Structure formats: C-alpha cells, structure tokens
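**Student:** Prediction below, plus the sequence it came from.
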Amino acid sequence: METYGHWVSLKQMWEQAATDLRGSSQKPQLSVALHQLGMALGHLGEYAEAEKRYKESLTIERERSDRAGIAGTLHQLGILAETEAPTTKRSSCSSRA
C-alpha cells in the first residue's frame, strides 16, 4: 500500500539524486532522477513542480534522442494533465456559481 510518507521519502531521495547528478556527464541518470522525482511530486499533489521535473527530463531525453524515455515522460505528462483537469474544471465551475 502506498502511503504519503512513502512518497515523501521517495521525493527526498530523487531530489538528492538529481542534485548530485546536475553538472555531471551522467545525463541519462539525471533524466531518470528527474522523471522519478516528477512521479513522486505528482503523487504528493505538487503538480506544478512535477510538470517542471518531467519537462527537464524530457529536454535531456530529446537531446539524447532517447525515444523510449521521451514516450514515457510524455505519457506521465498526459497522466498529470488528466489528474489536474478535474480540479481545474471544479474551480472554474464553482467560481461561476
């Protein structure tokens, strides 16, 4: 069972990994760290930050012509957009009421 604490721990772990990898030549590993950080952030409801991390990962994947990585990250961005949509819709509907 996934718990809030589980995702907080993963967020911290992937943040540290991304920090350690920035500026290194290990671009594939940085891309993975950013992608996984995006997943943890999304599960924690930090959608704007998740989107930033996914987009950073996507940039690296595109630079490397990593088609599988690009597909996976685009998929996660789609899930993120779908997850956010009901909240956005509710907000705009309630403001009209």
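**Tutor:** Ah, there it is. Numbering: from 1, shown residues only.

**Student:** Residue nearest the middle of the chain, spatially speaking?
**Tutor:** Centroid-nearest residue in the chain, with CA atoms, centre = their mean: residue 38, separated by 1.9 Å.

**Student:** What segments of the protein are helices?
**Tutor:** Remark: helices assigned in the chain by DSSP state H are 4-21, 27-43, 47-63, 67-96.

**Student:** could these go into a markdown table alongside mean pLDDT?
**Tutor:** Shown next, in a markdown table, are those (pLDDT from 0 to 100):
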| stretch | mean pLDDT |
| --- | --- |
| helix 4-21 | 96 |
| helix 27-43 | 97 |
| helix 47-63 | 97 |
| helix 67-96 | 76 |
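
**Student:** Distance check, the residue nearest to the centre of the chain against residue 66.
**Tutor:** Here residue 38 is placed at a distance of 16 Å from residue 66 (CB to CB, to the nearest Å). Where you see a C-beta, it was placed from the backbone N, CA and C, and this is true even at glycine.

**Student:** same check, this time on residue 12
**Tutor:** The value you get for residue 12 to residue 66, if CB to CB is used, is 26 Å.

**Student:** And these two? Which one has more around it.
**Tutor:** residue 66 (18 against 12; other CB atoms under 10 Å).

**Student:** The more buried one: what's it in contact with?
**Tutor:** 28, 31, 60 (CB atoms under 8 Å, 6 or more residues apart in numbering).

**Student:** filter these to the buried ones?
**Tutor:** Buried by 16 or more other CB atoms under 10 Å: 31, 60, out of the contacts of residue 66.

**Student:** Looking at the contacts of residue 66, which is nearest residue 71?
**Tutor:** Using CB to CB, residue 31 is the member of these that sits closest to residue 71, with 13.0 Å.

**Student:** and that closest one, what is it in contact with?
**Tutor:** 57, 60-61, 64, 66, 69.

**Student:** switch to 10 Å and redo it
**Tutor:** Listed by CB atoms under 10 Å, 6 or more residues apart in numbering, the contact set of residue 31 reads 18, 21, 56-64, 66, 69-70, 73.

**Student:** same question, residue 17
**Tutor:** 29-30, 32-34, 36-37.
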